[in-house]
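Colleague: Here is the input, now give the coordinates:
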Amino acid sequence: MENLWNKIELKKTEPTPKEILSIQSNFLTEISNGKLQGNIGTITGQPFLNSDADDFNAECFIHTFRINVPELGYTFTLLRLAHETLKTSPYQIYSSLENKKYKGKTIEELNDILRSIFNSSEVSTAVKNLLAQTS
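Modeller: Sure, this is the predicted structure:
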């Protein structure tokens, strides 16, 4: 029998949203000397934001960025990012501490949104307070 599939290219052109979240979670662990540990978990589900009729009509990957504080036995959800399973954009982000929703389409927009969330007063205060409670 012959192969009926087209040639499938395995090369990647840019990082996926999940890879960017994972890289950023590793940076958090590194800059906090392991006192705060970023963790990315992924599930498949339906979108979590009320979106326009033309957005997210399909099943989605939902990537959850959690911050774990091993010394305190505490974990909280920093944000969730959702995109259709067969696409990496557009995407939607919900920032838990800010109680704010974001939408984007490009990796550049994603970096800008994440920078905004990570440097928000809510997240900065939470990180400082958690670090102050560790030895």
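
Colleague: Phi, psi for residue 123 please.
Modeller: Note on residue 123: backbone dihedrals following degrees, to the nearest 10 are phi -70, psi -40.

Colleague: show me the contacts for residue 88.
Modeller: Counting by CB atoms under 8 Å, 6 or more residues apart in numbering, residue 88 makes contact with 16-17. To be clear about C-beta, it is placed using only N, CA and C from the backbone, and glycine gets the same treatment.

Colleague: Would you mind finding the longest helix in the protein?
Modeller: helix 17-31 (DSSP state H).

Colleague: Now do the helix or strand that comes right after that one against helix 17-31, angle only.
Modeller: Next helix or strand after helix 17-31 toward the C-terminus (DSSP states H and E): strand 37-45. Orientation check (axes from the mean of the first three to the mean of the last three CA atoms, to 10 degrees): strand 37-45 against helix 17-31 gives 160 degrees.

Colleague: Can you list the strands that strand 37-45 pairs with?
Modeller: Its sheet considered, strand 37-45 pairs with strand 60-69 (antiparallel) by DSSP bridges.

Colleague: in the next helix or strand after the partner strand, what counts as buried?
Modeller: Downstream of strand 60-69, the first helix or strand assigned by DSSP H and E is strand 74-84. Buried residues in strand 74-84, counted by 16 or more other CB atoms under 10 Å: 78-84.

Colleague: next one: stretch 91-108
Modeller: Of the residues in stretch 91-108, 91-98, 102, 104, 107 count as buried by neighbour count, 16+ other CB under 10 Å.

Colleague: now swap in stretch 15-26 and tell me
Modeller: Neighbour-count burial for stretch 15-26, counted by 16+ other CB under 10 Å, picks out 16-18, 20-22, 24-25.

Colleague: Mind checking the pLDDT average for stretch 25-41?
Modeller: Mean per-residue pLDDT for stretch 25-41: 98.

Colleague: do stretch 96-107 as well
Modeller: In this model, stretch 96-107 carries a mean pLDDT of 96.

Colleague: hmm, back to that, out of the buried residues of stretch 91-108, which sit inside strands?
Modeller: Mapping these onto strands (DSSP state E) picks out 91-95, 102, 104.
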